[in-house]
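Participant: Give me a model of this one.
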Amino acid sequence: MINEFVIKFAIKPKKNKTSGGIKWHQDFPFFPHTNFDLIACVIHLDDEEIDSGPLKVIPQSHELGLLSHCTDDKFVYHCTQEDKIDKHKSISLTCNAGDVTFHHCLTLHSSEPKKNKRCITVIWCNLEIKWLSSRRKY
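Facilitator: Sure thing, here's the model as predicted:
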């Protein structure tokens, strides 16, 4: 069973070449939760190119566990443990309209600034996973 946790409609608006981009982070620190049973589901409504600033992920980075997103005890909206971020392993998810991607709430991800004027629309859903016992009778 999957319980819907939060749905966010996100649009990467048309911006100039110097704006945008999101630093490396994990999703978990942004939500008040008590466990790591969360995944993000991104539904791509437009074709993306590398110049569109697509989502970048570091495969298997969720295995690092929860990383700090604080400086001087203040939340700063990005991972502050730079030594844990292996950018050379990152991959860009240039998706086509209709593609859906999933990543764990501890997966390190980011995006580069947009370098084109195309508007990119995605639907971003954060889902809580509730695993049901295979022995349960319905």
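
Participant: Show the model's pLDDT score for residue 100.
Facilitator: For residue 100, the model assigns a pLDDT of 95.

Participant: Could you report the distance from the closest residue to it other than its chain neighbours to residue 67?
Facilitator: Leaving out its chain neighbours, the residue that sits closest to residue 100 by Cβ to Cβ, 6 or more residues apart in numbering is residue 43, at 5.3 Å. Every C-beta, even on glycine, is put in place using the N, C-alpha and C of the backbone. Counting by Cβ to Cβ, to the nearest Å, the separation of residue 43 from residue 67 is 27 Å.

Participant: out of these two, which sits in the more crowded spot?
Facilitator: residue 67 (19 against 16; other Cβ atoms under 10 Å).

Participant: for the more buried one, what are its contacts?
Facilitator: Residue 67 sits next to 26, 79, 80, 81, 84, 106, 108 when contact means Cβ atoms under 8 Å, 6 or more residues apart in numbering.

Participant: Then residue 68?
Facilitator: Contacts of residue 68 by Cβ under 8 Å, 6+ apart are 79, 80, 81.

Participant: ok, the first one touching residue 26?
Facilitator: Read it as residue 79. Yes - applying Cβ atoms under 8 Å as the test, residue 79 and residue 26 come out as touching, 6.6 Å apart.

Participant: Now for these two: what residues contact both?
Facilitator: Counting by Cβ under 8 Å, 6+ apart, the residues touching both residue 79 and residue 26 are 67, 69, 108.
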